[in-house]
Structures are given as C-alpha cells and as structure tokens.
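A.B. asks: structure, please.
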Amino acid sequence: MRSFFPFCRLICLFLLLLGSVPARAEFVQLALHIGDGDQALHGSLLLPMHKQKPPVVLIIAGSGPTDRNGNSAGLPGKNNSLKMLAEELAIAGIASLRFDKRGVGESRMAGLSEEDLRFQTYVADVESWLKLLIADERFSGVAVIGHSEGSTLGMLAVQNVKVQAYVSLAGPGQSAAKILRTQLASKLPPQLAQMNEEILSQLEKNSAVKEVPAPLLALYRPSVQPYLMSWFPIVPAEEIRRLSMPVAIFQGDTDIQVAVSEAKLLAKAQPKAELHIVPGMNHILKQVPADMQEQVASYSNPDLALDPVFVTPLVQFLKKNLSAK
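C.D. replies: Numbering: from 1, shown residues only. This is a model prediction of the structure:
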C-alpha cells in the first residue's frame, strides 16, 4: 500500500505556499509615457486594486540625476523613498504616477544639452503629466506631491494646471541662489568665497559670467549658466502664496539638505497650509538620527521604511481634499 504520509506532506506544503500568497494584490503597476521616440518621458502608474475610480497623485522627484523611485545615479545603492511613498498611497487607496525627468533613468534620451536646458523645461513637463492625469477617466481627482526641488516644480506647474491639492516634501522656501550662498559661505576660503559671491550676484542679475575660476567651474561652468539664470529668480515662498488649492508642507528635522526654516518660510507665506515638522525624519523621508554617518548610509539603504509619523497625516490630507472631479 502506498504510504499516506508523503501525500500529507504534499498537502501541508501546498497549504503553506497558499498561505504565503496575499488574499488580494494591493496594487498593480503600469508603464506610462508622454511624447514620442527619443523625446518620450517615462513613468510608473501605481493603481490600488481595492478601490474603484481612485484619486491620483503626481509625485515629482528632486534635483540632479534623481529618478522616479527617489534614487540618485550619483550615489551607490538605492533608498527607494518615492517608490515606497507610491506603495503606501496605493495601500491607502490613492493611485500615483512617478516619472523620470529628462536625461534621467528611462527618460535619459530626452535630455537636452546643458546650454538648452531651463528650469521652465521641467515645469512644462510636469504640466504635461498633469494634463494626462486630469483627462484620464479612471481617476476621481488629481493632486501633486513635490519632493525637494520637485516641490518648486510642482508649485509652478499647479498655477497653470488646476489640481485639487498640493504637497511640498522637504521643499526650499528661498531662491536657489540664496541657499547656495548660505551653503558655501562656510566651506570656501575667503578669496574664493568672494569670487563665488561675485559670480552669484552677476547670475542673479541674469548676466553670464565669462571667466570662472577653476575651483568653481563644476558649479558655474558656462554651459550650465543659462539654466542657473532661469532658476535663480524663482522664490518658492513667493510662488506658494499664489496657490488657491489646499496645501500641506512636510519637513523632517534631521534633514541635512533642507532646513526646517525653509518649511517655515513656505508656511508663513501660505498661512492656510498645513505645516508638519516631523521629528527625526531626514531628507529621504525616513527616521534617521542627525549623525552624519547614519545620514549618508540611509541614502543607499532600501531596507529603511518610510517614517510612519509622516505617512499618516499625508494620507489624511490627501483623502480629505481629493474629492470627485
């Protein structure tokens, strides 16, 4: 007679495997793009599976080679902060679209030369993504979440394309020129600091600088100056004042890139905004002490979860303000 026990083990194994499969998928991810050919910009749409006609949020990444997931090509490893944010929103019943900017990730072929790139180029791209989402009948409402430099991009875009709510995550309040001036003040020797000030002042007046000392070429090389001159006049604290939709501002107090004072500047300019200063949250939205070694390590650690003290009020704000179209 064939033994009954191997069959029992097979049944037990089947039940064990079945128990590891979730009862339902929380979300599904789809690819989206705008534009054609090499000029196409690519993004990821995350849809909650348990909600019919959900609201949707456009998530805008920060500066430099930061991709749709919140990872920088200039750093080793990944932190996946924006990917995690999209997943948390999907679990809460909110769809999201995050995308690679021109010249980054899957959108790298759409990058313009430094001489031709302007800050407003990125703003126009955000507006195009928003128009795509607004026209999509799958969604009941549209909001914007901008992280770091993406906060300023979103702030400008929503002045031209109407959305129902706007969120700034670790966004600056001062102009980029003022922030750069402050950051470099204590890091440059006196003579170079004076040269830096002269260059910044000239660029703020929309006047190109022909001769840049070698130690400052990485920042002010002639090819990047047109972009800087398009960026420096923008003062986020002035732009946020123009927003009429509900606004929320989130800032961590262990952020080594953007100070709490920047969030307070934004909130002062937009008194109706919700201001959330999250204790212990750093620039990539995770609980990390102020210790510099731990901060640097966190940018390359995908195992660190998003700060739950941040996620809960964010979801509450979006649910309260994202109503049907």
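A.B. asks: which other helices and strands contact the host helix or strand of residue 316?
C.D. replies: Per DSSP states H and E, residue 316 falls inside helix 308-321. Here helix 308-321 is seen to pack against helix 81-91, strand 165-169, strand 247-252, strand 274-278 when contacts are counted using 3 or more C-beta pairs under 8 Å, 6 or more residues apart in numbering; DSSP states H and E. (Each C-beta comes from the backbone N, C-alpha and C, glycine too.)
A.B. asks: list the buried residues for the first one?
C.D. replies: Residues of helix 81-91 classed as buried by neighbour count (16 or more other C-beta atoms under 10 Å): 81-90.
A.B. asks: direction included, what does the next helix or strand after it pair against?
C.D. replies: Counting by DSSP H and E, the next helix or strand C-terminal to helix 81-91 is strand 95-99. Strand 95-99 has the following strand partners under DSSP bridges: strand 41-48 (antiparallel), strand 56-60 (parallel).
A.B. asks: can you list contacts of the first one?
C.D. replies: Okay, so that is strand 41-48. Identification of contacts with strand 41-48 by C-beta atoms under 8 Å, 6 or more residues apart in numbering yields 26-35, 54, 56, 68, 86-87, 89-102, 105-107, 110, 125, 128-129, 138.
A.B. asks: narrow those to those that are buried.
C.D. replies: Buried, going by 16+ other C-beta under 10 Å: 27, 34, 54, 56, 68, 86-87, 89-90, 92-102, 105-107, 110, 125, 129, out of the contacts of strand 41-48.
A.B. asks: assign a three-state SS to residue 210, would you?
C.D. replies: Look at residue 210: counting by DSSP: H, G, I helix; E, B strand; the rest coil, its state is coil.
A.B. asks: number the chain from 12, please
C.D. replies: Let's use 12 as the start, then, which means that last one is residue 221.
A.B. asks: roughly how far does the residue lying closest to it once chain neighbours are set aside sit from residue 208?
C.D. replies: Setting aside the residues directly before and after it, residue 221 is nearest to residue 233 in space (C-beta to C-beta, 6 or more residues apart in numbering), at 7.6 Å. For residue 233, the distance to residue 208 equals 19 Å [C-beta to C-beta, to the nearest Å].
A.B. asks: do residue 58 as well
C.D. replies: Note on residue 58: its distance to residue 208, by C-beta to C-beta, is 50 Å.
A.B. asks: equivalent analysis for residue 296, please.
C.D. replies: 33 Å.
A.B. asks: higher neighbour count, those two?
C.D. replies: The neighbour comparison of residue 296 against residue 208 (other C-beta atoms under 10 Å) goes to residue 296, with 28 against 14.
A.B. asks: doesn't residue 129 make contact with residue 235?
C.D. replies: No. Contact criterion C-beta atoms under 8 Å: residue 235 and residue 129 do not qualify, at 11.2 Å.
A.B. asks: tell me who's in contact with residue 256.
C.D. replies: 169, 173-177, 332.
A.B. asks: export those as JSON lines, with columns for neighbour count.
C.D. replies: Output for those, formatted as JSON lines (neighbours: other C-beta atoms under 10 Å):
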{"residue": "169", "neighbour count": "27"}
{"residue": "173", "neighbour count": "11"}
{"residue": "174", "neighbour count": "22"}
{"residue": "175", "neighbour count": "19"}
{"residue": "176", "neighbour count": "24"}
{"residue": "177", "neighbour count": "26"}
{"residue": "332", "neighbour count": "20"}
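A.B. asks: any idea which of these is closest to residue 213?
C.D. replies: Distance to residue 213 across the contacts of residue 256 (C-beta to C-beta) is lowest for residue 169, with 31.6 Å.
A.B. asks: per-residue confidence at the closest one?
C.D. replies: For residue 169, the model assigns a pLDDT of 98.
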